[in-house]
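> build me a model:
(chains A and B)
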Amino acid sequence: MTDVIRTSITESTQKVFGLSTEDMPAVDIQFTPDITMGDYAVPIGFVLAKKLRTAPDRIAQTIAQNLQGPFRAEAVKGYVNVTMDDYWWLDRLSQGFISYPQYSGKVLVEYVSANPTGPIHIGHGRGAVVGSVLANLLDRVYDFADSEFYVNDAGEQIRKFCKSVEIRIRELKGEDVELPEDAYHGDYIVDIAKSILDRYNWDTLSEEEQWNVLWNDAVDMMRKWHKETLEKLSVTMKVWTSERLIRQEGWPERAIQLLQDKGYAYEKDGALWFKSTLLGDDKDRVLVKSNGEYTYYLVDIAYHMEKIHRGYNVLVNVWGADHIGHVPRMNAALTALGFPDCLTVVLVQTVRFWRQGVAVAMSKRKGEFLTLDELIDEIGKDAARIMFITRSVDATIDFDIEGAKQKAMDNPVYYIQYACVRAKNILTRTDERQFGSSLGFDPHERTLLRLLNAFQERMALAVRKLDPFVIESYAWELSDAFHKFYQFDRVIGSEYENARWQLVERFTQVMEELFTLLGIEKLERM
RNA sequence: GCGCCCGUAGCUCAACGGAUAGAGCGUCGGCCUCCGGAGCCGAAGGUUGGAGGUUCGAGUCCUCUCGGGCGCGCCA
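The predicted structure follows:
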């Protein structure tokens, strides 16, 4: 919301230097490094120096002298520094700051998508939080955005999982059976086995019926568990899509047909291949194995086809960085199917966990992991959520579990929430406030004002980078500015009470909006 | 060997190609008769892994190089 500066600079520059619209470079408006230098800085002199063959400081000076607008302008080196008039800020305050860039598109954010063969562990947590914040954000920016969990309830891992439950059932019934090395060893398998024995008269079931129970009930229990865990983390999925259904509804066959029709499929060595090298992949990929089974890749292509069929045209997938190799393949497939550029994969780097300097092994088979449930129980939902997004998705997180528990109070979430609590406290205490007439914003107030005023462009940046970290750091910066304002500027009883009260109110509104995006609680007291 | 991510303060990490590279944690020293001290102020701490290049300007872009992570199946 700095269009007034951009317009003014553009007009003035064109007039003074006789530049046409095409000759006019993009006007970049940034924060001054120090608020005492002004609210905004425009490095226009540097940009035009070559074209005009004039020194940057001369250009900036000339432009600054000829600027017209609700601000004071001053040239420093090649910069034009701009300080907005107090009444302009007051006007911005009365309008409010929450507005989003608007794009057209129906968005589906797919994330977590853990196999229903074990509990959700903290490694999944990062993707869960990143995905949910992105869905919240994109829902405000696009036509709408839905969250989806893809349940891999078909395939080899599930078969192994069911087998593991079955062995535990037999064990519970007194049989002397041994759990194979490659089976799932976690205690939860025993719990599921017990629960199934509670519900069914196991021995009276035929072998086929038994397998159906495992295949349906055991998997369903895992899915419910996943849902509960995610909801404890304020992660709500709108859609749970079953891989089995994708297969049953014939999507893989449709995908094969389409790829064949478009000339992207060929047979070799008894298998059906996708000519993905035509579309940027480094080698061709198998769609149907020589034994007739579909590859996971084919089913995934089919799944994405089905997403598009449901009407989504902006697909966002949040994947762990270990799936990097899958990205070019997926893009190649969607391009082949006629939907280029519709998928964006957000790669979330790994979270490595340490306990007293030793890396914590995360093995699902052996049942060794810290579950997300345990983490949430230990440090709380809000602290857990923030933990995963105080780093950009590109950065690996090194996370000391013991340290995090001990120093839970150092979590930035409390800094943010505390700022909001302080602000609300002022608002609730000033029911019969005086409407003072004094006007004039000091550096602490201006720092807060220009940050609030950056709401829309910060959200645009978050969308561009598809990174919740942008939102979290914005919330942190706002809180930082607020704490400093709070420390130095008294609101209640001040001669500036009216303007300051509005500032506090707008701050609270923006923060609550950010809390909603981030999925953390708005507190009245702490 | 190839592809992607990362390398910045003691540690964990920021910084749309812009001014004096910033926070948190840790260390040291200050601030409540005053809207909540879960806060604020200050000090110490840096050759942005290294070498070239691009340009008015490089932590950021390009090339090379060193170090760490992940991935390179008719697995999922």
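
> beyond the lowest-mean-pLDDT helix or strand in chain A, next helix or strand please.
Using mean pLDDT, DSSP states H and E, strand A:358-359 stands out as the lowest-scoring helix or strand of chain A, at a mean of 66. Going down the chain from strand A:358-359, the next helix or strand is helix A:372-379, by DSSP states H and E.

> so where do the strands sit in the stretch 151-300 of chain A?
For the stretch 151-300 of chain A, the strands defined by DSSP state E, counting those that start in this stretch cover A:239-242, A:265-268, A:271-274, A:285-288.

> name the residues of the second one that are buried.
Meaning strand A:265-268. The neighbour-count check on strand A:265-268 (16 or more other CB atoms under 10 Å) flags A:A265 as buried. Placement of C-beta: from N, CA and C, glycine included.

> how about it and RNA strand B, touching?
Yes: Strand A:265-268 lies within reach of RNA strand B by CB under 7 Å from any atom of the strand, at A:K268.

> rewinding a little: same list (the strands of the stretch 151-300 of chain A) but as JSON lines, adding mean pLDDT.
Formatted as JSON lines, the strands of the stretch 151-300 of chain A follow (pLDDT from 0 to 100):
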{"stretch": "strand A:239-242", "mean pLDDT": "96"}
{"stretch": "strand A:265-268", "mean pLDDT": "94"}
{"stretch": "strand A:271-274", "mean pLDDT": "96"}
{"stretch": "strand A:285-288", "mean pLDDT": "96"}
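
> want to throw those into TSV with distance to A:F482?
Formatted as TSV, those follow (distance: least, CB to CB, whole Å):
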stretch	distance to A:F482
strand A:239-242	38
strand A:265-268	59
strand A:271-274	54
strand A:285-288	52
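
> my guess is A:P468 contacts A:L138. True?
No: with contacts defined as CB atoms under 8 Å, A:P468 does not count as touching A:L138, sitting 11.1 Å away.

> quick check, stretch A:315-334 touching RNA strand B?
Yes: using CB under 7 Å from any atom of the strand, stretch A:315-334 reaches RNA strand B at A:321-326.

> do stretch A:31-51 as well
Yes: for stretch A:31-51, a contact with RNA strand B is found by CB under 7 Å from any atom of the strand, at A:32-34, A:37, A:41, A:43, A:46-47, A:49-50.

> roughly how far is that stretch from the heart of the chain?
Put simply, stretch A:31-51 sits 32 Å off its chain's centre (CA atoms, centre = their mean, to the nearest Å).

> with stretch A:209-225 instead?
On CA atoms, centre = their mean, the centre of stretch A:209-225 falls 31 Å from the chain's centre.

> give the buried residues for that stretch.
Using 16+ other CB under 10 Å as the test for burial, stretch A:209-225 gives A:210, A:213-215, A:217-219, A:221-223, A:225.

> what is the end-to-end distance of it?
Its first and final residues considered, stretch A:209-225 spans 23 Å by CA to CA, to the nearest Å.

> again, but for stretch A:487-497
End to end - CA to CA - stretch A:487-497 spans 15 Å.

> buried only: go through the residues of stretch A:31-51 next to RNA strand B for me.
Buried among these by 16+ other CB under 10 Å: A:32, A:37, A:41, A:43, A:47, A:49.

> contact partners for the nearest residue to A:L205 once chain neighbours are set aside?
Excluding the flanking residues, the one nearest A:L205 by CB to CB, 6 or more residues apart in numbering is A:V213, at 6.8 Å. Applying CB atoms under 8 Å, 6 or more residues apart in numbering, we find A:V213 in contact with A:196, A:200, A:205.
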